[in-house]
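Visitor: Sharing a model prediction with you, sequence too.
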Amino acid sequence: METLHLLFNAITVIFIAATMFAAGLATTVEALRSVVTDIRLLALALLANLAVIPLLGWGIGALFGLPAAGFIALVLTASSPGGPFGVKLAMVQSGDVAAGAAMQVLLATIGSLTFAPTANGILSAADVGQEVSLDITALVGTVALLQLLPFAVGLLLRRYAAPTARAWHPAAAAVSNVTFLVVLAGMLLGNWRDVLSLFGSLTLLAGLVLAAAAFTTGTLLSAGPPVRRTTMGGVAAVRNAGPALAAIGIAFADQPAILGALAAVLLSGLAAALPIAAVLNSRRNQGQD
């Protein structure tokens, strides 16, 4: 079992790095600059991901009357922006991958700093759980190593060795796609008992509603053409599991009920976001015919 766990973690690392590397290979410096210098886009994205969506998590959890484990998992998920699956959703929907990758890395980095106080504030106000304390330096370092560095390498290759970048992109995208499927299968198989135990509860539904609401919020609180707006929606819909898992380990001693609820929330969130991205991709492809 330990070997399988290590293998799953290794494949997850490969998925994150390959996805960010492929995004970098497909991104020009000019396109990236247009995103990071768009103050209105940045301000709206930060408002959506750091304030509105965490509050939505709190509201949905309270509205559905979730048990403590489900409520904690939902709040931790909502408080943690910048999940690497956001870039994959940008690819799936044929969206603005450059903008999605840049925003995802930015949100993951800032989210490493805001996650603990945001989650603490909500859980304290709701009188649920206990204080969340995290190693912020380790979280920022993880984002830099697994997400920012591969993206930067791909970006530099695209700028200074464009033929090589174009030649390598199909292989990087293929690795991203294959490992994405493996990670999804691993999440399902590794947590099927926990997820199955939650059938009949409202935790799965809460995860679906949160992801759909986050997609809508990220799209509405954005700027630019529709393709960029829906890309921001996809980035907002997929939250970052890393800080949430770390918080459960540190503050809640890896309680199985909370871990199972987190797996359910994350999986149901993907189940809501992926079909939306697929529909957007289909419509865009039809528009090109």
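Guide: Received it, and whenever you're ready, just let me know what you need.
Visitor: Quick check: nearest residue in space to Thr118, chain neighbours excluded?
Guide: Using C-beta to C-beta, 6 or more residues apart in numbering and skipping the chain neighbours, the partner closest in space to Thr118 is Ser79 (4.3 Å). Every residue, glycine included, has its C-beta placed from N, CA and C.
Visitor: mind listing what's buried in the biggest helix by length in the chain?
Guide: Secondary structure of the chain per DSSP state H: the longest helix is helix 256-288. The neighbour-count check on helix 256-288 (16 or more other C-beta atoms under 10 Å) flags 257-270, 272-274, 276-277, 280-281 as buried.
Visitor: How far off centre is the helix or strand where Ala31 lies?
Guide: Using DSSP states H and E, Ala31 sits in helix 29-36. Relative to its chain's centre, helix 29-36 lies at 21 Å (C-alpha atoms, centre = their mean, to the nearest Å).
Visitor: go on, stretch 112-126?
Guide: With C-alpha atoms, centre = their mean, you get 18 Å for stretch 112-126.
Visitor: Kindly report the same for stretch 9-19.
Guide: The answer for stretch 9-19 is 14 Å, by C-alpha atoms, centre = their mean.
Visitor: Please put the alpha-carbon coordinates of that stretch into CSV.
Guide: The C-alpha trace of stretch 9-19 is given here as CSV (Å, rounded to 0.1, in the frame of the first residue of the first chain):
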residue,chain,number,x,y,z
ASN,A,9,2.4,10.9,-5.4
ALA,A,10,5.2,10.6,-8.0
ILE,A,11,2.6,10.5,-10.9
THR,A,12,0.9,13.5,-9.4
VAL,A,13,4.2,15.5,-9.3
ILE,A,14,4.8,14.5,-13.0
PHE,A,15,1.3,15.6,-13.9
ILE,A,16,1.7,19.0,-12.3
ALA,A,17,5.2,19.6,-13.8
ALA,A,18,4.2,18.3,-17.2
THR,A,19,1.1,20.4,-17.3
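Visitor: and that stretch, average pLDDT?
Guide: Stretch 9-19 comes out with an average pLDDT of 83.
Visitor: Also stretch 85-94?
Guide: 90.
Visitor: Give me the distance from that stretch to the chain's centre.
Guide: That offset, for stretch 85-94, works out to 10 Å (C-alpha atoms, centre = their mean).
Visitor: Which parts of stretch 51-61 count as buried, going by neighbours?
Guide: For stretch 51-61, using 16+ other C-beta under 10 Å, the buried residues are Val52, Ile53, Pro54, Leu56, Gly57, Trp58, Ile60, Gly61.
Visitor: Which pair of those spans the longest distance?
Guide: Val52 and Gly61 (15.0 Å; C-beta to C-beta).
Visitor: I'd like the distance between Gly82 and Leu66.
Guide: To Leu66, Gly82 is 24 Å away according to C-beta to C-beta, to the nearest Å.
Visitor: Of those two, which one has the most company?
Guide: Shown here are Gly82 and Leu66; by other C-beta atoms under 10 Å, Gly82 has more neighbours (26 against 23).
Visitor: can you list the buried residues of stretch 51-61 in JSON lines and add pLDDT and distance to Leu149?
Guide: JSON lines is the format used below for the buried residues of stretch 51-61 (pLDDT from 0 to 100; distance: C-beta to C-beta, whole Å):
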{"residue": "Val52", "pLDDT": "98", "distance to Leu149": "30"}
{"residue": "Ile53", "pLDDT": "98", "distance to Leu149": "27"}
{"residue": "Pro54", "pLDDT": "97", "distance to Leu149": "28"}
{"residue": "Leu56", "pLDDT": "97", "distance to Leu149": "32"}
{"residue": "Gly57", "pLDDT": "97", "distance to Leu149": "30"}
{"residue": "Trp58", "pLDDT": "97", "distance to Leu149": "34"}
{"residue": "Ile60", "pLDDT": "97", "distance to Leu149": "35"}
{"residue": "Gly61", "pLDDT": "95", "distance to Leu149": "35"}
